[in-house]
Structures are given as structure tokens and as C-alpha cells.
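Enquirer: Below: sequence and its predicted model.
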Amino acid sequence: MTLKRYGAAGGTGTGGQHLPFARAVEAGGWLYVSGQTPMENGEVIEGGIIPQSHKAIRNLLAILAEAGYEAKDVVRCGVWLDDPRDFPSFNKVFAEYFGAHPPARACVVSSMVVDCKVEIDCVAYRA
């Protein structure tokens, strides 16, 4: 099986730090997308859970599209929220993108490595 790595050179995190992992790795029809935060140009966007959720999900979808996958191909998402009170708001945003084809999902509350409200990763499959 051949692995295809997207962004294997690593990305740029807050403050311009080098991130030593691929944005995604494809193996045998499966695509594993690394956790996406609400970052743009190496910085977390301003705003609360709603704009940050949109940005994190759009970042995730951009990586899926780069690899030739769509939201309907996502079979599982992992979600980390900074504040449990953001759960209902995040769910509304999530449904806008995945409502027609909801994946399996886990959601936990956790402190974040960067100063943001949400992080999301996924596994997608395409035959």
C-alpha cells in the first residue's frame, strides 16, 4: 500500500513555529486529517465558538478537497471544545456542514495547545 502525504513538509503554527506533521495522510482509500483549529495565516481568528467552528471546519474541508474527498466521505470526526457550554453552538455549525451525511463523532472538553475554542479532525473513506 502506498501512502500519500498532504503537507508533509509541515505547516506553520502560531508565531511562525514549524509543525512537524502532515496535514493529512491517505492510505488505501482512507484519509486521516490532522486536527484543524480556527487558524488563518498562522494565527487563530478572532471571535467566539461560532466563527471559530466555521473556520476550523472549513480548514478541514479544504484539506479533504485537496485530496479529492468531500464532506459526505467523512466517516468519523473527533472534536475538542475548550468550554462545555459551547457544545450546542458547535453542533449547530457542525450540522450546517455534515447534516446531510452525519459521520460518527466523539466530542470532549479539553484545554487547547493554542488559544482557541475548538479543534476538529476526521477520517474519510473513498473506494
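Expert: Structure's in. What do you need?

Enquirer: is it true that residue 64 touches residue 70?
Expert: Yes: Residue 64 lies in contact with residue 70 (CB atoms under 8 Å); the separation is 6.5 Å. From N, CA and C alone the C-beta is placed, and that goes for glycine too.

Enquirer: Give the closest residue to residue 31 in space, chain neighbours not counted.
Expert: residue 124 (4.4 Å; CB to CB, 6 or more residues apart in numbering).

Enquirer: buried stuff in the longest helix along the chain?
Expert: Longest helix of the chain, by residue count under DSSP state H: helix 49-66. Of all the residues in helix 49-66, those buried under the rule 16 or more other CB atoms under 10 Å are 49, 52-57, 59-61, 63-64.

Enquirer: what pLDDT, on average, does that helix get?
Expert: Mean pLDDT, computed over helix 49-66, is 97.

Enquirer: Next, the angle helix 49-66 makes with the next helix or strand after it.
Expert: Following helix 49-66 in sequence order, the next helix or strand is strand 74-81 (DSSP states H and E). Inter-element angle recorded for strand 74-81 and helix 49-66: 150 degrees (by axes from the mean of the first three to the mean of the last three CA atoms, to 10 degrees).

Enquirer: And the contacts of strand 74-81?
Expert: With contact meaning CB atoms under 8 Å, 6 or more residues apart in numbering, strand 74-81 is reached by 35, 49, 64, 87, 90, 94, 98, 101, 103-110, 112, 117-125.

Enquirer: Drop anything exposed from those.
Expert: Among these, those scoring as buried are 35, 49, 64, 90, 94, 98, 103, 107, 117-124 (criterion: 16+ other CB under 10 Å).

Enquirer: which stretches of the protein aren't confidently modelled?
Expert: 8-19 (pLDDT under 70).

Enquirer: hang on, the earlier thing: give me the packing partners of the longest helix of the chain, helices and strands only.
Expert: strand 24-27, strand 30-36, strand 39-40, helix 87-98, strand 118-125 (3 or more CB pairs under 8 Å, 6 or more residues apart in numbering; DSSP states H and E).
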